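1. With the sequence up front, the predicted model follows.
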Amino acid sequence: MNGQGKTPDHISQAESIRSAAASKLEANVPSLSPGILKAVWAVVWKDLSAELRGREMLSAMLVFALLVIIIFNFALELDAKTRAAVTSGVLWVTFAFAGTLGLNRSMAMEKDRGCLDGLLLAPVDRSAIYFGKSISNLIFMLIVEAIVLPVYSVLYNTNLFKPGLLLVILLGSVGYIAVGTLLASMAVQTRTRDILLPILLFPVAVPVLIAAVKASSGFLEGIVFPEILPWLNLLIVYDIIFLAVSFMVFDYIVEE
Amino acid sequence: MKSKPTMLKILDIVTVLLLLAATTMVFFYAPLEAVMGQVQKVFYFHVAAGWVGMLSFLTAAFVGVMYLVKNDFKWDIVGLAAVEIGMVFAFINIVTGSIWARPIWNTWWTWDPRLTTATIMMLIYAAYLMLRAGIEDPNRRARFGAVYAIIGFLSVPLTFFSARLFRTIHPIVVGTNQPGAQGSFDMTPAMLQTFLFSLLVFTFIFIDLLWHRIRLGRLSSRVEQLKLKSLE
């Protein structure tokens, strides 16, 4: 996004959300109809196309993630022996930091240019905005992870491409983003917004980070599946609880 | 603002008397624990403070839901009051626990599930207070506070569960439920009575403090309204 040039895109996207909502009103169907899916998709598409043209957020997240890994390399002296034990921890700290960066940026962008007001004006269920923003944030986080994993594999000559690990990364990212999107939309509306998001998010995200780290290292170290299963269950429970609660309370966050 | 209600005055006096009685019971009625000696007496107020902490945070989450449903400002005042009281008692809980742990576990701190959860819980409510401090609009502050109190309280059991799972997979076990627990003991009837009485007394303290803090909250919201009015 290069400043002014993108504003018309946002407006046209907001228009399409509005028309999606209008078609929903005409059909007079309850929520979770094709109308709301269309609205969710419109929000996701708006974020993706804005990011495709500017690449501001993704590049920042990526460079930051790589920097974190490099710092860890020297801070922990990641030789072959240490590495086996701490790889999953390093990966998840990297993802969590990069995720916070992306979340903050993604919501600040909406707030700064008055786009959020435009979205809120659309006569569509507010949860469509929440799910739309969550999905686009999740996509950005997954893209960063998809680039960090091979880079880490090459740098440290380990194979991280195990189906189990990929599943853990997906589950962990969903939980982190579900609660992160909600808290980021709160944080950007405060005076101390630049510093507040990690302070709000990390203590609440502790279970998902512990479970993700343990499950990841379980898969990396080849521990038998029944011992990893409780962690996967915990991740799934966390995802479901926080998606549901965020969906229920998001209305109150953006209410004006 | 009305002057202090008579009921509150009575409650103040009753609470102070009960606290004196509980202290007396702890030191003179409850027998000395055979292995741990005097330091075990911290247990009565330690658990009671933890109980008040949990009760406060539960209250905050509950009134958070009430605020979002009813949109009535009085629930917000109760929520903030409960969180502040909860912070104080959670802190007392951790400090008294450390005092006990030093001679019994030979360390001030260990990453036991309960200790971990208590610390993260305090961090959550510290974040709650920082969130509120960053918002000027009273309505938004109340809404965000309510939402965060609910989200935070929901994550506490999950944190406890994940910390416990963390420890059961690892061989180091310090916790009362596991067979390797260190510093557990069986309570005699006199100990049990003292313990239950302490819980009751601390619940009284909680109600009394909450009442005072709610009155203070009402006053401060009135001051805020007057300030806004004078600016207009």
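-> Arrived safely, thanks for sending.

2. any low-confidence regions in chain A?
-> For chain A, the stretches with pLDDT under 70 are A:1-33, A:256.

3. Repeat that for chain B.
-> Using pLDDT under 70, the flagged stretches of chain B are B:1, B:168-184.

4. same thing but at 50, please
-> Counting by pLDDT under 50, chain B shows low-confidence ranges at B:169-176.

5. for it, which helix is longest?
-> Longest helix of chain B, by residue count under DSSP state H: helix B:189-231.

6. Is there any residue in that helix that contacts chain A?
-> No - Helix B:189-231 does not reach chain A (CB under 8 Å from any CB of the partner chain); its nearest approach is 16.0 Å. Backbone N, C-alpha and C define where each C-beta goes, glycine included.

7. what does stretch B:70-86 give?
-> No - counting by CB under 8 Å from any CB, chain A is not contacted by stretch B:70-86; separation bottoms out at 9.4 Å.

8. right, and the helix or strand after the lengthiest helix in chain A?
-> The residue-count maximum for a helix in chain A (DSSP H) belongs to helix A:80-112. Later in the chain than helix A:80-112, the nearest helix or strand by DSSP states H and E is helix A:115-121.

9. near chain B, anything from that following helix?
-> No - judged by CB under 8 Å from any CB, helix A:115-121 makes no contact with chain B; its nearest approach is 13.6 Å.

10. quick one: buried residues of that helix?
-> By neighbour count on 16 or more other CB atoms under 10 Å in any protein chain shown, the buried set for helix A:115-121 is A:115-116, A:118-119.

11. where does the most centrally placed residue in chain B fall, helix, sheet strand or coil?
-> When CA atoms, centre = their mean is applied to chain B, the residue found nearest the centroid is residue B:53 (1.2 Å). The local conformation at residue B:53, judged by DSSP: H, G, I helix; E, B strand; the rest coil, is helix.

12. wouldn't it be in contact with residue B:86 here?
-> Yes - between residue B:53 and residue B:86 there is a contact at 5.0 Å, judged by CB atoms under 8 Å.

13. Which residues are in contact with the closest residue to residue A:217 other than its chain neighbours?
-> Spatial nearest neighbour of residue A:217, excluding adjacent residues (CB to CB, 6 or more residues apart in numbering or on different chains): residue A:88 at 3.9 Å. Residue A:88 is in contact with A:212-214, A:216-217, A:220, counting by CB atoms under 8 Å, 6 or more residues apart in numbering or on different chains.

14. Please tell me how far residue A:88 sits from chain B.
-> 13 Å (CB to the nearest CB, to the nearest Å).

15. And that residue, how far from residue A:222?
-> Distance of residue A:88 to residue A:222, computed by CB to CB, to the nearest Å: 13 Å.

16. ok so, going back, for the residue nearest to the centre of chain B, which residues are in contact?
-> B:86, B:89-90, B:93, B:118, B:121.

17. Show the residue spans covered by the helices in chain B.
-> Under DSSP H, chain B gives helices at B:6-24, B:42-70, B:73-104, B:113-133, B:138-169, B:189-231.

18. To clarify, my last question referred to chain A.
-> Taking DSSP H as the criterion, chain A contains helices spanning A:7-27, A:34-54, A:56-76, A:80-112, A:115-121, A:126-156, A:163-187, A:193-220, A:225-254.
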